[in-house]
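would you be able to build a 3D model of this:
(one chain, ligands or ions: 1)
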Amino acid sequence: MLEEDLEVAIKVVVVGNGAVGKSSMIQRYCKGIFTKEYKKTIGVDFLEKQICHNENDVRLMLWDTAGQEEFDSITKAYYRGAQACVLAFSTTDRDSFEAIEKWKSKVEEEVGPNIPLVLVQNKIDLLEQAVVEQEEAENLAKKLKLRFYRTSVKEDLNVTEVFQYLTEKHVQKT
Ligand code: GDP
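So this is what the prediction gives:
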């Protein structure tokens, strides 16, 4: 077998309501940058990040919804072949939290029930504007049996951990 055949490539989809920080998270992880300017789209289907996991090369392809968050407007192509998923909501947006179960069902419906998922509460640097209690988020994670991370893309808190966890889950499955 050729060496390049051994490379693992993982398609990760990042879903959740608009403005919770999905594009920012992808940019932070893949390019190491954060911009305050609100951008609905990063203009490409996905960004890539090459990592080393247990001495294997892993290529993560992080797919951005590119401003298609209107739930039903996300195309089938976005979900096709997805192998892991981030369900994201924002500390400062109650609706985004309440939409998580809907997003989870949608992903499982499109991709299948065994896709590794992770629940992410972003913008934890904005605690003074919080409209979601930590405890209720933890309870939701328990109820849905999901690993839960609290991130700040702005301050670069826990972002790497989210993708490490999904990589680990994917590798365990294969
Ligand atoms: P998307 O629509 O879910 O892709 O959200 P964006 O990535 O476009 O982010 C929406 C806005 O939230 C932008 O102005 C970002 O700069 C901002 N943002 C993203 N993550 C954070 C964060 O962790 N903390 C703060 N304070 N702002 C954030």
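
now for the protein, the helix or strand with the poorest mean pLDDT.
helix 76-79 (a mean of 84; mean pLDDT, DSSP states H and E).

list the helices and strands the helix ranked longest in the chain packs on?
In the chain, with assignment by DSSP state H, the single longest helix is helix 159-173. When contacts are defined as 3 or more C-beta pairs under 8 Å, 6 or more residues apart in numbering; DSSP states H and E, helix 159-173 sits against strand 8-15, helix 22-31, strand 46-53, strand 56-63, strand 84-90, strand 117-122, strand 147-150. (C-beta placed from N, C-alpha, C; glycine too.)

elements contacting the third one?
Under the contact criterion of 3+ C-beta pairs under 8 Å, 6+ apart, strand 46-53 touches helix 22-31, strand 56-63, helix 159-173.

residues near V15, how many?
28 (other C-beta atoms under 10 Å).

that one touches L62, doesn't it?
No. If you go by C-beta atoms under 8 Å, V15 and L62 don't touch, sitting 11.7 Å apart.

S105: which element?
Using DSSP states H and E, S105 falls within helix 100-111.

now find how far off-centre that helix is within its chain.
Centre-to-centre, helix 100-111 and its host chain are 13 Å apart (C-alpha atoms, centre = their mean, to the nearest Å).

identify each buried residue in that helix, please.
Of all the residues in helix 100-111, those buried under the rule 16 or more other C-beta atoms under 10 Å are 100, 103-104, 106-107, 110-111.

closest one of these to the ligand?
For the buried residues of helix 100-111, the closest approach to the ligand (C-beta to the nearest ligand atom) belongs to W103, at 11.8 Å.

mind listing what K11 touches?
46, 61, 63, 81-84 (C-beta atoms under 8 Å, 6 or more residues apart in numbering).

alongside the ligand, which residues does this protein contribute?
Residues of the chain that fall close to the ligand, judged by C-beta under 6 Å from any ligand atom: 18-24, 35-36, 38-39, 122-123, 125-126, 152-154.

one more time with 8 Å
Within reach of the ligand by C-beta under 8 Å from any ligand atom, the chain has these residues: 14, 16-28, 34-40, 64-65, 67, 69, 88, 90, 122-126, 151-155, 157.

and the closest residue to K76 other than its chain neighbours, how far from Q27?
Once flanking residues are discounted, K76 sits nearest to E110: 7.0 Å by C-beta to C-beta, 6 or more residues apart in numbering. Distance, E110 to Q27, using C-beta to C-beta, to the nearest Å: 24 Å.

between the helices and strands packed on strand 46-53, which gets nearest to A141?
In terms of C-beta to C-beta, the element of the helices and strands packed on strand 46-53 nearest to A141 is helix 159-173, at 12.6 Å.
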